[in-house]
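Generate coordinates for the sequence data below:
(one chain, ligands or ions: 1)
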Amino acid sequence: MSSAALPGSPHFAYRSGRLHCEDVALEDLARRHGTPLFVYSKAAMLASLAAYRRGFAGRKSRIFYAMKANSSLGILQVFARAGCGFDIVSGGELERALAAGGDARDVIFSGVGKTRAEMRRALEAGIGCFNVESEAELEVLSEVAREMGRTAAVSIRVNPNVDPKTHPYISTGLRSNKFGVAHERVLHAYRRAAELPGISIAGIDCHIGSQITETDPYLDAMDRILDLVEEVERAGIRLGHIDFGGGLGISYAGEQPPRADELWRSLLERVDERGFGDRELMIEPGRSLVGNAGVCVTEVLYLKPGEQKNFCIVDAAMNDLPRPAMYQAYHAVVPLAESSREAHTYDIVGPVCESGDWLARDRELAAQPGEFLAVMSAGAYCMSMASNYNTRGRAAEVLVDGGQAHVIRERETPADLMLKEKLAP
Ligand code: LLP
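Residues are numbered from 1 along each chain as shown. Below is the predicted model:
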């Protein structure tokens, strides 16, 4: 496969037949650090961020990296240093954001099930805004804030009932999803928020789904949000910011989602037309900042030819890369070393004891045992969703910056996995 055919980022390319991440040969990293190994390109992350910033040039805007996509400290540090805030969904993510050098004031807290303890900790740390997802949550948040003698800045997450045309598990803005406050309840929720002593209203929020590859669902959602801004402000409640969530897709298999700057050019035209150009715009992108900036390098263990299927068994598995098993997701898989050997068709599978443990199906491969493959577009929702199933330690991670490679996570050992466990007396 030539570099021209690699999906995603130009920061991964073949040089003299060897796949590189920026200036580092992936095979050298695999031999030095072992496999499975996640490798990330810092330049790729910063390039994705720059595309959003071009789209927002000259505007009041802030970017909150949705850290659920990849919450490794070394990745968060890149975004904190680049001036991003963080969109969090748990108390655990708050601690990570702070540990990576994030500023609590640049943290916004999303999620349908915030606990009182999480609210308390977030208020104590001084986060910027809670994205409230139900009327019941508003009441609890006000109570918790009052007990602490504080007020919580909130935006209400609206469920705009827009079909993002993506996988059903990752669409979030439909009436049938658990997320957000239904469109017709939003004004009511804001009126209540305005009465509550522990709440101050900061803005409005929405997020319609993930891996969105078309502009239209975004434009629809923007129209519906702006309708609500008009309605809520007619009732005398001022909304300082509009948080438009994340969701922009990436290329896994040659999809062509709009570029972040182009998407925002169209969205901002709409915002201006409707007279809201003065509002602060906030976004919560995850996948589009990191997805194409990472790969997972894995070693071929065995080839197992069969009557119906040929299997290529590798040392990465569904615990490292859960997306194929969970969403039937496609990730391109390419060899680290180009070869002219004859290719055969394989299902690429891991060592985990589940038939669902597959990484790729019906792929043409010429690789032999002992050689390495790269699972592409593995920067988002892979390491952050990894598990220890089958008592497999989570993989190591390396961040590449030009010709330098920094280990940002060591491979977990069996001792790490048993650390919190005890034998009964
Ligand atoms: N904001 C909120 C409130 C969200 O729920 C999400 C993602 C994001 C922002 C970031 O969305 P992104 O820009 O990454 O699309 N595990 C799935 C994706 C789940 C996304 C959940 N919410 C996958 O591997 O495809």
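
Show me which residues of the stretch 1-150 of the chain are close to the ligand?
66, 69, 87, 110 (CB under 6 Å from any ligand atom). Any C-beta I mention is one placed from the backbone N, CA and C, and that applies to glycine too.

how about 5 Å then?
66, 69, 110 (CB under 5 Å from any ligand atom).

Which secondary structure state does the residue of the stretch 301-425 of the chain found nearest the ligand sit in?
Closest approach of the stretch 301-425 of the chain to the ligand (CB to the nearest ligand atom) occurs at Tyr381, with a separation of 3.1 Å. Under DSSP: H, G, I helix; E, B strand; the rest coil, Tyr381 falls in the coil class.

Could you do Ser355 as well?
With three-state DSSP as the criterion, Ser355 reads coil.

and Val162, what are its phi and psi?
Backbone torsions of Val162, given as degrees, to the nearest 10, read phi -120, psi 140.

Can you give me the distance of it to the ligand?
Per CB to the nearest ligand atom, to the nearest Å, Val162 is found 14 Å from the ligand.

I'd guessed that residue sits against Asp223; true?
No. Val162 is beyond contact range of Asp223, at 9.3 Å (criterion: CB atoms under 8 Å).

Tell me which of those two has more neighbours.
Counted by other CB atoms under 10 Å, Val162 and Asp223 do not tie: Val162 has more neighbours, with 24 against 14.

The residue in the stretch 51-200 of the chain that the ligand sits nearest to: what's it in contact with?
Per CB to the nearest ligand atom, Ala66 is where the stretch 51-200 of the chain lies closest to the ligand, at 3.5 Å. When contacts are counted by CB atoms under 8 Å, 6 or more residues apart in numbering, Ala66 touches 87, 246, 284-286.

Would you mind naming what in the stretch 151-300 of the chain lies close to the ligand?
Counting by CB under 5 Å from any ligand atom, the stretch 151-300 of the chain sits next to the ligand at 170, 207, 210, 245-247, 284-287.

who's in contact with the helix or strand hosting Leu267?
If you go by DSSP states H and E, Leu267 is part of helix 260-273. With contact meaning CB under 8 Å, 6+ apart, helix 260-273 is reached by 48, 51-52, 54-56, 59, 215, 218-219, 222-223, 226, 242, 244, 248, 258, 277, 279, 281, 285, 288.

Kindly report the same for stretch 52-60.
Applying CB under 8 Å, 6+ apart, the external contacts of stretch 52-60 come out as 63, 260-265, 268, 277-281, 283, 285, 289.

Quick check: end-to-end length of it?
Terminal residues of stretch 52-60 are spaced 13 Å apart (CA to CA, to the nearest Å).

start at 595 instead
From this message on, residue numbering opens at 595, which makes the last subject stretch 646-654.

Give me the buried positions along it.
Residues 646-647, 649-650, 653 are the ones in stretch 646-654 that count as buried (16 or more other CB atoms under 10 Å).

which one of those is nearest Pro604?
Tyr646 (17.5 Å; CB to CB).

does the closest one sit in a helix, a strand or a coil?
Three-state call for Tyr646 (three-state DSSP): helix.

before we move on, the earlier item: which one among the residues of the stretch 595-744 of the chain next to the ligand gets closest to Ile907?
Using CB to CB, these come closest to Ile907 at Ala663, 28.4 Å.

Please, where are all the strands along the stretch 595-744 of the chain?
Under the criterion DSSP state E, counting those that start in this stretch, strands of the stretch 595-744 of the chain are mapped to 606-609, 612-615, 618-619, 631-635, 655-660, 679-682, 701-703, 723-726.

what would those look like in TSV with mean pLDDT and distance to Ala711?
Formatted as TSV, those follow (pLDDT from 0 to 100; distance: least, CB to CB, whole Å):
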stretch	mean pLDDT	distance to Ala711
strand 606-609	96	41
strand 612-615	98	40
strand 618-619	98	42
strand 631-635	98	31
strand 655-660	98	22
strand 679-682	98	14
strand 701-703	98	13
strand 723-726	98	14
